[in-house]
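Trainee: Fold the following, please.
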Amino acid sequence: MGFFDFFSKEKKETLDKGLSKTKESVFSKISRAIVGKSTVDADVLDELEEILITSDVGVETTLKIIERIEKRVANDKYLGTSELQKILREEISALLAENNSEEISNFEIPADKKPYIIMVIGVNGVGKTTTIGKLAYQYKKAGNNVYLGAADTFRAAAVEQLEIWSERVGVPIVKQQMGADPASVAFDTLSSAKSNNADVVIIDTAGRLHNKINLMNELTKIKNVMKKVVPDAPHEILLVLDGSTGQNAFEQAKQFSNATEITSLAVTKLDGTAKGGVVIGISDQFKIPVKYIGLGEGIEDLQIFDKQAFVASLFEE
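Mentor: Numbers count the residues shown, from 1 in each chain. Now for the predicted structure:
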C-alpha cells in the first residue's frame with residue numbers, strides 16, 4: 001500500500017497547494033546554497049541554518065536540526081550535497097515524531113466524553129472563529145450533534161461571525177447580549193448542550209492578549225463554571241495561531257502557555273505564506289501537539305495535522 005493510500009487525493013492536493021509557497025521558498029534557497037558544491041561543508045550548513053531560520057522554523061529548532069546533520073556528516077565523510085534534502089527530511093520527520101502526541105485521523109470523539117467540550121483561545125485576527133466554524137462542520141459531517149458557545153462577548157463582530165458559521169454549518173449557537181459574562185455564556189451553552197444530548201461543544205473565548213493575570217483569571221473562571229455542568233470540562237483547550245505571522249505565533253504560544261494549560265494547537269493561513277516552517281518549530285519548542293492546519297478559505301480546508309504527510313508534501317519532488 002502506498003504512503004498516501006490512506007490520505008485522500010483531495011486532501012493531498014489541498015496540502016500540496018497549501019504548502020507550495022513554503023516549499024518553493026525553502027527549496028529554491030537550498031538549491032542555490034548547494035550549487036557547485038560537492039560536499040556538505042561548514043558553508044553549506046551555515047546557509048542551511050539561515051534558510052531554516054528565515055522560514056520561521058525558529059532558532060532553537062534550527063540548531064537542533066543542524067546539529068543532527070553535522071553528526072551525520074561527521075560519520076560519513078563522503079556525504080554529498082545531493083543527499084542533503086533527504087537527510088533534512090529524515091531529521092525533521094524524526095523531530096516531529098519525538099513530540100509523542102496522539103495521532104488522530106478523523107473527527108471522532110472519545111466514547112467516554114459526551115459532550116466533548118473544546119475551549120478555543122487565541123488573539124483576534126488569527127482565524128479563531130473561522131477555525132471554530134470549520135471544526136463544527138467537520139464534527140457534524142462525522143455524524144455528531146454540535147453546539148457552539150459565543151463566549152467572546154467583548155466584540156459584537158465575534159458573535160455575529162460565529163452566528164453566520166452556525167447558520168452555514170447548520171448547528172445551534174448559544175449567545176447572550178454584548179458585554180455579558182463569558183463564563184455565564186459557557187454555562188448556558190453546556191447546560192443547553194447537555195439537555196439536548198449534544199456530542200460536541202465548541203466554546204469561543206475573547207481574543208485579547210491582555211495582561212497575563214487578567215487572561216488567566218478569565219479563562220480559569222470559564223473553566224470552573226463549565227465544571228459545574230460537566231465535571232471534567234473542558235476536554236480540550238485549543239490555541240489557534242496564524243502561521244503567516246511567523247515568530248509572532250511563537251510569542252503568542254508562549255504568552256498563552258504562561259496563562260493557561262493548552263492541550264492542542266491549530267495553525268492557520270499556511271496557504272498564504274512561505275512561513276510553513278513555523279509548524280515544525282512550534283511543535284518542537286512547546287511540546288503541544290499541532291492538531292489542525294489551515295490551508296485555505298474553503299470549509300473543508302482545515303485538515304488534521306499528519307506529520308508524515310506534512311513532511312512528505314514539503315519534500316516531494
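
Trainee: Now do the helices in the stretch 101-250 of the chain.
Mentor: 128-141, 156-169, 182-195, 212-227, 247-259 (DSSP state H, counting those that start in this stretch).

Trainee: What average pLDDT does stretch 74-94 get?
Mentor: Stretch 74-94 carries an average pLDDT of 79.

Trainee: can you give me the end-to-end distance of it?
Mentor: This stretch, stretch 74-94, spans 19 Å end to end (CA to CA, to the nearest Å).

Trainee: One more: stretch 97-106?
Mentor: For stretch 97-106, the end-to-end distance is 19 Å (CA to CA).

Trainee: and what of stretch 30-41?
Mentor: Termini of stretch 30-41 sit 14 Å apart (CA to CA).

Trainee: ok, now stretch 28-43?
Mentor: 17 Å.

Trainee: mind checking how far it is from the chain centre?
Mentor: Centroid separation between stretch 28-43 and its chain, computed with CA atoms, centre = their mean, to the nearest Å, is 32 Å.

Trainee: residue closest to the middle of this structure?
Mentor: Residue closest to the average C-alpha location in the chain (CA atoms, centre = their mean): residue 266, at 2.2 Å.

Trainee: Around the nearest residue to residue 193 once chain neighbours are set aside, count how many other residues there are.
Mentor: Counting by CB to CB, 6 or more residues apart in numbering, residue 147 is the residue found nearest to residue 193 once chain neighbours are left out, at 4.0 Å. Heads up, the C-betas are built off the backbone N, CA and C, glycines and all. Residue 147 sits with 25 neighbouring residues when counted by other CB atoms under 10 Å.

Trainee: Counting neighbours, which bits of the lowest-mean-pLDDT helix or strand in the chain end up buried?
Mentor: Every helix and strand in the chain was compared by mean pLDDT, DSSP states H and E; the lowest is helix 20-34, with a mean of 78. The neighbour-count check on helix 20-34 (16 or more other CB atoms under 10 Å) flags 21, 22, 23, 25, 26, 27, 29, 30, 33, 34 as buried.

Trainee: And the next helix or strand past it?
Mentor: Proceeding N to C from helix 20-34, the next assigned helix or strand is helix 42-54, under DSSP states H and E.

Trainee: Tell me how far residue 309 lies from residue 16.
Mentor: Remark: distance between residue 309 and residue 16 (CB to CB, to the nearest Å) = 10 Å.

Trainee: Comparing the two, which shows the higher neighbour count?
Mentor: residue 309 (19 against 16).

Trainee: Let me have the helices of the stretch 101-250 of the chain in JSON lines, adding mean neighbour count, mean pLDDT and distance to residue 54 as columns.
Mentor: As requested, these are exported to JSON lines (neighbours: other CB atoms under 10 Å; pLDDT from 0 to 100; distance: least, CB to CB, whole Å):
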{"stretch": "helix 128-141", "mean neighbour count": "23", "mean pLDDT": "96", "distance to residue 54": "27"}
{"stretch": "helix 156-169", "mean neighbour count": "17", "mean pLDDT": "94", "distance to residue 54": "33"}
{"stretch": "helix 182-195", "mean neighbour count": "21", "mean pLDDT": "96", "distance to residue 54": "39"}
{"stretch": "helix 212-227", "mean neighbour count": "17", "mean pLDDT": "88", "distance to residue 54": "30"}
{"stretch": "helix 247-259", "mean neighbour count": "18", "mean pLDDT": "88", "distance to residue 54": "11"}
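
Trainee: Next, format those as JSON lines and append distance to residue 294.
Mentor: Listed next are the helices of the stretch 101-250 of the chain as JSON lines, based on distance: least, CB to CB, whole Å:
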{"stretch": "helix 128-141", "distance to residue 294": "7"}
{"stretch": "helix 156-169", "distance to residue 294": "14"}
{"stretch": "helix 182-195", "distance to residue 294": "24"}
{"stretch": "helix 212-227", "distance to residue 294": "23"}
{"stretch": "helix 247-259", "distance to residue 294": "12"}
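
Trainee: now residue 142: how far from residue 85?
Mentor: Separation of residue 142 from residue 85 (CB to CB): 37 Å.

Trainee: actually residue 161, not the one I typed
Mentor: Taken as CB to CB, the span from residue 161 to residue 85 is 41 Å.

Trainee: ditto for residue 18
Mentor: Using CB to CB, we find residue 18 at a distance of 20 Å from residue 85.
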